[in-house]
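In: whatever this is, show me its structure:
(one chain, ligands or ions: 1)
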Amino acid sequence: MAFISHSVGERGANPAADVNIIQTALNYYTRPPMRLLPVNGVADQSLFDRIRDFQATFMNQPDGRIDPRGTSVQRLWPVRYANPTGRAIRGADAFGAGHFNAPRGGRRHDGVDYIATPNQAVAAPMSGKVVRITRPYPTGIDANVLSGLEIHASDGSSCQIWYISPNTNLVGTLVHAGDKIGTARTLQIRYPPRPTPSRNAGVMTDHVHVRIHDRNNRPVDPSTVIPRAIAIPLP
Ligand SMILES: [Zn+2]
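Out: Got it, this is the predicted structure:
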């Protein structure tokens, strides 16, 4: 489920799924009079030539092969980040706070929550390949409503974004950070407002949850890589 799981190109393993991804990524750089590569999973001379041409833009000795997590694949689909909602990080509310490592009962918050307005467009927080739909809650009325996506980057890191309604047919495709990937959902059904006079009265701020793990599956604080919300200057 990685961005590519095996080498692609000359003397590469060339499984069709990985060849497809590299053909798609190379086509992103194709400008006339160059012709688009067929995206057919077939590793042939035209693919090898195109890999060498691409490598020649940054390597002295192109080898025509793209390895998982290597320099070439990271040049081909660079790891970039974007704020998924354009909003700030969720501050403390009646249910908790949205920063990395915030307390969650006996656990710690593995990720950062970005404030969202239900039904607003949500952008990919990280560039990479969409590898699967995730379900933050396996059961209950919102198991199918509060959904998410997992993205794997070319350097082996991974990102999950939750509480969205993903666009259709994204699994298996490449995205750039900032591409629209779905719409935000309300959390008020899963987490109904607590009435006064309960001790923790109040509402949960609607948000999307972003989790990033490095190539060794260690948690990363997303706020160290995702741009802050840009304040809109007053007229
Ligand atoms: Zn969260």
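In: show me what the lowest-mean-pLDDT helix or strand in the chain is in contact with.
Out: When each helix and strand of the chain is scored by mean pLDDT, DSSP states H and E, strand 103-104 comes last, with a mean of 92. Contacts to strand 103-104, defined as CB atoms under 8 Å, 6 or more residues apart in numbering, come from residues 96, 109. No exception for glycine: its C-beta is placed from N, CA and C like everyone else's.
In: so where is the chain shaky, pLDDT-wise?
Out: Confidence mapping of the chain against pLDDT under 70 gives the ranges 230-235.
In: domains for it, by residue range?
Out: 8-76, 103-224 (automatic domain parsing).
In: what separates the longest one from the chain centre, distance-wise?
Out: So the one you mean is domain 103-224. 10 Å (CA atoms, centre = their mean, to the nearest Å).
In: check the first one too.
Out: Between the centre of domain 8-76 and the centre of its host chain there is 22 Å, according to CA atoms, centre = their mean.
In: for this structure, what spans make up the strands?
Out: 8-9, 65-66, 103-104, 107-108, 112-115, 121-123, 128-134, 147-152, 158-166, 174-175, 180-184, 207-213, 219-220 (DSSP state E).
In: picking up where we left off before, close to the ion, is the least confident helix or strand of the chain?
Out: No: counting by CB under 5 Å from the ion, no contacts exist between strand 103-104 and the ion, the nearest distance being 8.2 Å.
In: that strand pairs with which strands?
Out: Strand 103-104 pairs in its sheet with strand 107-108 (antiparallel), by DSSP bridges.
In: for the strands of the chain, give me CSV that also has mean neighbour count and distance to residue 26.
Out: Output for the strands of the chain, formatted as CSV (neighbours: other CB atoms under 10 Å; distance: least, CB to CB, whole Å):
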stretch, mean neighbour count, distance to residue 26
strand 8-9, 26, 10
strand 65-66, 24, 9
strand 103-104, 11, 42
strand 107-108, 10, 41
strand 112-115, 25, 32
strand 121-123, 20, 24
strand 128-134, 18, 14
strand 147-152, 22, 18
strand 158-166, 22, 23
strand 174-175, 20, 11
strand 180-184, 19, 22
strand 207-213, 24, 26
strand 219-220, 16, 28
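In: could I get the ones you listed in CSV, plus columns for distance to residue 91?
Out: Below are the strands of the chain laid out as CSV (distance: least, CB to CB, whole Å):
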stretch, distance to residue 91
strand 8-9, 45
strand 65-66, 43
strand 103-104, 14
strand 107-108, 17
strand 112-115, 9
strand 121-123, 20
strand 128-134, 25
strand 147-152, 22
strand 158-166, 17
strand 174-175, 29
strand 180-184, 17
strand 207-213, 10
strand 219-220, 21
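In: looking at those, which is nearest to residue 190?
Out: strand 158-166 (8.8 Å; CB to CB).
In: no more questions from me, cheers.
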